[in-house]
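Student: everything below, folded, please.
(chains A and B)
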Protein chains: 2
Amino acid sequence: MIIAFVGTAGSGKTALTGAFGRYLEENHKVAYVNLDTGVKTLPYKPDLDVRDSVTVEEIMKEGYGPNGAIVESYDRLMEEFDHYLNLILRLDEKNDYVLIDTPGQMETFLFHEFGVKLMENLPYPLVVYLSDPEILKKPHDYCFVRFFALLIDLRLGATTIPALNKVDLLGREELERHKRMFEDIEYLTARLKLDPSTQGLLAYKMCSMLPEVSPPVRVIYLSAKTGEGFEELETLAYEHYCTCGDLT
Amino acid sequence: MIIAFVGTAGSGKTALTGAFGRYLEENHKVAYVNLDTGVKTLPYKPDLDVRDSVTVEEIMKEGYGPNGAIVESYDRLMEEFDHYLNLILRLDEKNDYVLIDTPGQMETFLFHEFGVKLMENLPYPLVVYLSDPEILKKPHDYCFVRFFALLIDLRLGATTIPALNKVDLLGREELERHKRMFEDIEYLTARLKLDPSTQGLLAYKMCSMLPEVSPPVRVIYLSAKTGEGFEELETLAYEHYCTCGDLT
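Tutor: Numbering: from 1, shown residues only, chains lettered A, B, ... in the order given. Reported below is the predicted structural model:
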């Protein structure tokens, strides 16, 4: 089974890859893949590491700025695309789980051919889209996260589970508030209806459509620190592979 | 009027800010704002430049990796948030147009408090979401771009125009094909219906809802090289300020 952790820089992909991997290793064979050309240190031992081919810092030494160097690093990885694809496929054969830690900047994975083509060529990868609770301030933001997960699904052609990460940082009431906004769509749309702005109307319309348009995917709540949600994620991954996508 | 160019690294924000600014300067007073802490050189003279406070390369010298340094640079800019906001508001008073060149990595602007709070506090900013034609390969991708523009609108609370950039690189037939996919939603949904995969169904459902959910926004076609679309963008910006959002 292949699980890819996707999220913005700072959303906790790398820490989660390490912690979830250690959890799985208690009962399973696990391989780790690092696709981040810009990461400095990893909390796991990668079985495959794109930094063996290229790093952002090397490219910056050639005179590139950081943004250009990030893009350029994946342009160069494209030359070895088949090599990396085959290595991941081989790891998948030899292990129960392959955990993929995706590029630091999420957009590199979603917009660059390297990420899109890789996901299209892997067998039934499951994507976990990590959000930092910090970005959830207004009712709009929950709608944003739910639709962002749908766009990742659409772009990568892979079932995508929205996950709230770092829940250890939240108080109990705060977590319950987040859960209600994510899970009770009627409650969320009722809140959105109170906002008379153009964007309030847009959010209301989009969210009202969510039950109809979205695959039946649950939001999960994770912590690399406490291991919260790991059992649920393992179960979801297992169901994903057995039913090919129905995560009701 | 405030116009912000948003897009992934490499989508051409900076070149377009410069070229569109030069076009506007023929008849208007124009100010330029650079919000990219990672850019090396600019093709315009910024009236406000966040690199005066902090650059990604400086932070990397403290030991950060490139991804961490990008996030950290905007964390530090938050300390001067009011200062920057006030400067932009003053530029807006003194000029006909303020053009904002946003961070190299789009997600920095969409997910970091700096970008979100800034846009919320500016008067009626118009966002132009630039896509590189390179990312348009399958019918799904057009649906992805249209919804991504909606998510930017939702997140930043600002009317967002989807724009295909670098159209000078496209042959005439290719451009016409892109235009048809963007503008003829019935044609696009008919194409999506042919895809029997889970993601095909998702794209079909999402796209079918587009006419109902989306504000009446046209896609525009731009080139920093030839100036294509500049007149249309100027008209749209003008209409946006006169009608507060209705870009039918």
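Student: how about the strands in chain A?
Tutor: With DSSP state E applied, chain A shows strands at A:2-6, A:30-34, A:48-49, A:97-101, A:126-131, A:160-164, A:220-221, listed in chain order.
Student: format these as TSV; extra columns: distance to B:G10 and mean pLDDT.
Tutor: Every residue, glycine included, has its C-beta placed from N, CA and C. Rendered in TSV, the data for those read as follows (distance: least, Cβ to Cβ, whole Å; pLDDT from 0 to 100):
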stretch	distance to B:G10	mean pLDDT
strand A:2-6	19	98
strand A:30-34	23	98
strand A:48-49	24	98
strand A:97-101	23	98
strand A:126-131	23	98
strand A:160-164	24	97
strand A:220-221	33	98
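Student: in a markdown table: those, plus distance to chain B and mean neighbour count.
Tutor: As requested, the strands of chain A are exported to a markdown table (distance: least, Cβ to the nearest Cβ, whole Å; neighbours: other Cβ atoms under 10 Å in any protein chain shown):
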| stretch | distance to chain B | mean neighbour count |
| --- | --- | --- |
| strand A:2-6 | 11 | 25 |
| strand A:30-34 | 12 | 22 |
| strand A:48-49 | 14 | 18 |
| strand A:97-101 | 12 | 25 |
| strand A:126-131 | 9 | 26 |
| strand A:160-164 | 10 | 25 |
| strand A:220-221 | 19 | 21 |
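Student: by contact count, what packs against the helix or strand bottoming out on mean pLDDT in chain A?
Tutor: Lowest mean confidence among the helices and strands of chain A (mean pLDDT, DSSP states H and E): helix A:198-213, at a mean of 89. In this structure, helix A:198-213 packs against helix A:139-156, helix A:185-193, helix B:139-156, helix B:198-213, with contacts taken as 3 or more Cβ pairs under 8 Å, 6 or more residues apart in numbering or on different chains; DSSP states H and E.
Student: out of those, nearest to B:E186?
Tutor: B:E186 sits nearest to helix B:198-213 of all those, at 9.2 Å, using Cβ to Cβ.
Student: and the closest one, what's buried?
Tutor: B:T198, B:Q199, B:G200, B:L202, B:A203, B:Y204, B:K205, B:M206, B:C207, B:S208, B:M209, B:V213 (16 or more other Cβ atoms under 10 Å in any protein chain shown).
Student: got it, and stretch A:101-116?
Tutor: Residues of stretch A:101-116 classed as buried under the neighbour-count rule (16+ other Cβ under 10 Å) are A:101-112, A:114-116.
Student: what do you get for stretch A:232-244?
Tutor: Of all the residues in stretch A:232-244, those buried under the rule 16+ other Cβ under 10 Å are A:L233, A:E234, A:L236, A:A237, A:H240.
Student: of those, which is the nearest to chain B?
Tutor: Out of those, the one with the shortest distance to chain B is A:H240. That distance is 11.3 Å, counting by Cβ to the nearest Cβ.
Student: count the neighbours of A:D96 for me.
Tutor: A:D96 has 13 neighbours, counted by other Cβ atoms under 10 Å in any protein chain shown.
Student: return the residues in contact with the closest residue to it other than its chain neighbours.
Tutor: Nearest non-adjacent residue to A:D96, counting by Cβ to Cβ, 6 or more residues apart in numbering or on different chains: A:H28, 3.9 Å away. Under the criterion of Cβ atoms under 8 Å, 6 or more residues apart in numbering or on different chains, the contact partners of A:H28 comprise A:N95, A:D96, A:Y97.
Student: so A:A15 touches A:L42, yeah?
Tutor: No: at 9.8 Å, A:A15 and A:L42 do not qualify as touching, with contact defined as Cβ atoms under 8 Å.
Student: more crowded one of these two?
Tutor: Between A:A15 and A:L42, counted using other Cβ under 10 Å, the more crowded position is A:A15 (20 against 17).
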